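Chemist: Dropping a prediction and its sequence here:
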Amino acid sequence: METETSMHDPAPPQSKAELLTRINQAWDDVATLVDRASNAQLLPAGPDGGWSVKDHLTHLTAWEGRLLAFLQGRTFADYFGPDPAALDSPIDGLNAFIVERDRARTPEDVVQAWREMHLQVLEALYQLSDDDLKAPRPDPDNPDDIEPLLGSGVLDGNTYQHYAEHGTAIRLLLPRSSSSDGVLPA
């Protein structure tokens, strides 16, 4: 159930409340950056032609959608469409596909979709109890891979860890003057 995010907290959340606190804090950090940026500031590519802020948001939306599909018992291919096994590099190829697929979308549309997907994920998580999060759960893609959601790569790696990772990149892409005090939050 690993995701592209390989960083792991030394101590994963031990409860739904702790998980939701981490999710909300990390998401709010990214949302603050996005809220302070203009739509035009979401478009420029990163250094060496890398992802724009809009591309990072598209990516985060897609992977939160993957988490939502996982919570609904849907497979990786069911959610993303193309067969990830057919891609040369499953994660890198899939990420490139996602960004290219959504290249023509407006910043407003991408931000709205990002916010809506996040709310859907939160709704799904709020419906789960601590016991649900701690109970062994099979991966829809690999039913033999059974582990609790709490502290799993699919949950942590597609929420607070992922927001922190991309928040760092987004912070570097936005001009320092896009906040009212001239300094973007750390």
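Modeler: Structure received.
Chemist: hey, let's count contacts and neighbours off CA atoms from now on
Modeler: Noted.
Chemist: my read: residue 23 touches residue 159, true?
Modeler: Yes - if you go by CA atoms under 8 Å, residue 23 and residue 159 touch, sitting 6.0 Å apart.
Chemist: So which of these two has more stuff around it?
Modeler: residue 159 (26 against 21; other CA atoms under 10 Å).
Chemist: Can you name the residues that contact the more buried one?
Modeler: 23, 27, 64 (CA atoms under 8 Å, 6 or more residues apart in numbering).
Chemist: what's the following helix or strand after the host helix or strand of the last one?
Modeler: Which is residue 64. Counting by DSSP states H and E, the element that carries residue 64 is helix 53-71. Using DSSP H and E, the helix or strand that follows helix 53-71 towards the C-terminus is helix 76-80.
Chemist: could you give me the average pLDDT of that following helix?
Modeler: Across helix 76-80, pLDDT averages out at 80.
Chemist: Kindly report the same for stretch 157-167.
Modeler: pLDDT averaged over stretch 157-167 gives 96.
Chemist: Now do the buried residues in it.
Modeler: By 16 or more other CA atoms under 10 Å, the buried positions in stretch 157-167 come out as 157-164, 166-167.
Chemist: what about the residue nearest the centre of the chain, distance to residue 113?
Modeler: By CA atoms, centre = their mean, the chain has its centre lying nearest to residue 60, at 3.4 Å. Look at residue 60 and residue 113: by CA to CA, to the nearest Å, they are 10 Å apart.
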